[in-house]
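Participant: Quick one, what's the 3D model for this:
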Amino acid sequence: MPDWRLRTAAHFERFGGEQARIELRDALGSRRKFVGKLAGVEGGVVMLEVDGELVRLPLSDIAVARLAP
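Facilitator: Okay, the predicted model is just below:
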């Protein structure tokens, strides 16, 4: 399902293990855009595996999230 838009915690859970592109409203550190494998959701925080590291992105800070082709 390329280009599927992810909006809710349930969407992020459903597509766990899939590649996703996520853009935040405000930068986290020096980055706003992330591409990686969805690793679940805990307490309103989306976990994304990026280059072998687990990145935690608050669901409320996500501007756009889509499955990556």
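Participant: Flag the shaky bits of this protein, pLDDT-wise.
Facilitator: Scanning the chain with the threshold set as pLDDT under 70 gives 1-2.
Participant: now with 80?
Facilitator: For the chain, applying pLDDT under 80 flags the ranges 1-3.
Participant: Check what contacts the longest strand belonging to the chain and list those residues.
Facilitator: The residue-count maximum for a strand in the chain (DSSP state E) belongs to strand 31-42. By C-beta atoms under 8 Å, 6 or more residues apart in numbering, the residues outside strand 31-42 that reach it are 9, 12-13, 15-24, 26, 46-51, 54-55, 57, 59, 68. (Glycine included, C-beta is placed from N, CA and C.)
Participant: Just the buried residues of these.
Facilitator: With burial judged by 16 or more other C-beta atoms under 10 Å, the buried subset of the contacts of strand 31-42 is 9, 12, 15, 19-22, 24, 46-48, 55, 57, 59.
Participant: What about those residues, which are in strands?
Facilitator: 19, 20, 21, 22, 24, 46, 47, 48, 55, 57.
Participant: What residues sit buried inside the longest strand of the chain?
Facilitator: Those would be 34, 36, 37, 38, 39, 41, for strand 31-42 by 16+ other C-beta under 10 Å.
Participant: for stretch 59-66, same thing?
Facilitator: Buried, per 16+ other C-beta under 10 Å, within stretch 59-66: 59, 61, 62, 65, 66.
Participant: I would like the residues contacting it, please.
Facilitator: Contacts of stretch 59-66 (C-beta under 8 Å, 6+ apart): 3-7, 9, 11-12, 20-26, 28, 41, 44-46.
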